[in-house]
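Novice: sequence unknown, structure follows:
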């Protein structure tokens, strides 16, 4: 049996990277470090997402590499994710010419390379949170956009920030949204959250890493959130065909 090398899985950037965006100046005297309105908007969006048992979303990521300290090269990743928190996941990822599929049916987890018709699979029983922890610890793999979908996302942005500013309303893709900026000693980030009390979805995250020359940016766009998706029977089950090649999946070496 051949080895399905870890490099094949290194396509799933988590959202929690260093983000940079300067907080805009406020005209008022001594504004609060954390704007109460901004905190409420963030926490409402976090709780709303956490409470969704089933969901689907399309996502698009662009990020920059700095070459020779000056040239900025943009890369893109995109895909779709369908999640049932109690034990079901399907995620499709495109990274340049490479593609990956992730299947979790509550009993096994599979990563499939459609182009090579090769897959790696492990037995696993648990929910989405347990899966995130295990594959990170044992295989150093991050699922696409896992940190946004995790229930541990609740309060992350507001709790981690030292300053939070409400920058006002704007439109993103024709949708009215709240624009928020947050910062702490180590990282900064911006959020755009739909101005919809019943459905406060995260629409966009944008950041800049201020500690790397050239200030590379990282941008995430979410579209077509659906919190009552029609999930077809067997959608989370990977079924190899007769020509599929099963590979071994090397674990992270312990120190």
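Specialist: Ah, there it is. Values in this document were obtained by computation on a predicted structure and should not be read as measured data.
Novice: what is the helix or strand harbouring residue 92 packed up against?
Specialist: Assessed by DSSP states H and E, residue 92 sits inside strand 88-95. If contacts are counted by 3 or more Cβ pairs under 8 Å, 6 or more residues apart in numbering; DSSP states H and E, strand 88-95 sits against strand 71-84, strand 98-104. Every residue, glycine included, has its C-beta placed from N, CA and C.
Novice: now do the helices in the stretch 1-150 of the chain.
Specialist: Taking DSSP state H, counting those that start in this stretch to define them, one finds helices in the stretch 1-150 of the chain at 36-50, 128-139, 146-149.
Novice: out of the ones you listed, nearest to residue 65?
Specialist: When these are compared by Cβ to Cβ, helix 146-149 sits nearest residue 65, at 21.4 Å.
Novice: who does the host helix or strand of residue 192 pair up with?
Specialist: Secondary structure from DSSP H and E places residue 192 in strand 188-194. Strand pairing for strand 188-194, using DSSP bridges, gives strand 175-183 (antiparallel), strand 202-208 (antiparallel).
Novice: centroid-nearest residue for this protein?
Specialist: In the chain, the residue lying closest to the centroid (Cα atoms, centre = their mean) is residue 145, at 1.8 Å.
Novice: ramachandran angles for that one?
Specialist: Dihedral angles of residue 145 (phi, psi; degrees, to the nearest 10) stand at phi 50, psi 30.
Novice: model confidence over stretch 201-213, on average?
Specialist: Per-residue pLDDT over stretch 201-213 has a mean of 84.
Novice: list the buried residues for it?
Specialist: 201-210 (16 or more other Cβ atoms under 10 Å).
Novice: endpoint to endpoint, it covers what distance?
Specialist: 33 Å (Cα to Cα, to the nearest Å).
Novice: which residues sit against it?
Specialist: 15, 17-21, 45, 48-49, 66, 69-70, 148, 172-173, 175, 177, 187-194, 215-222, 225 (Cβ atoms under 8 Å, 6 or more residues apart in numbering).
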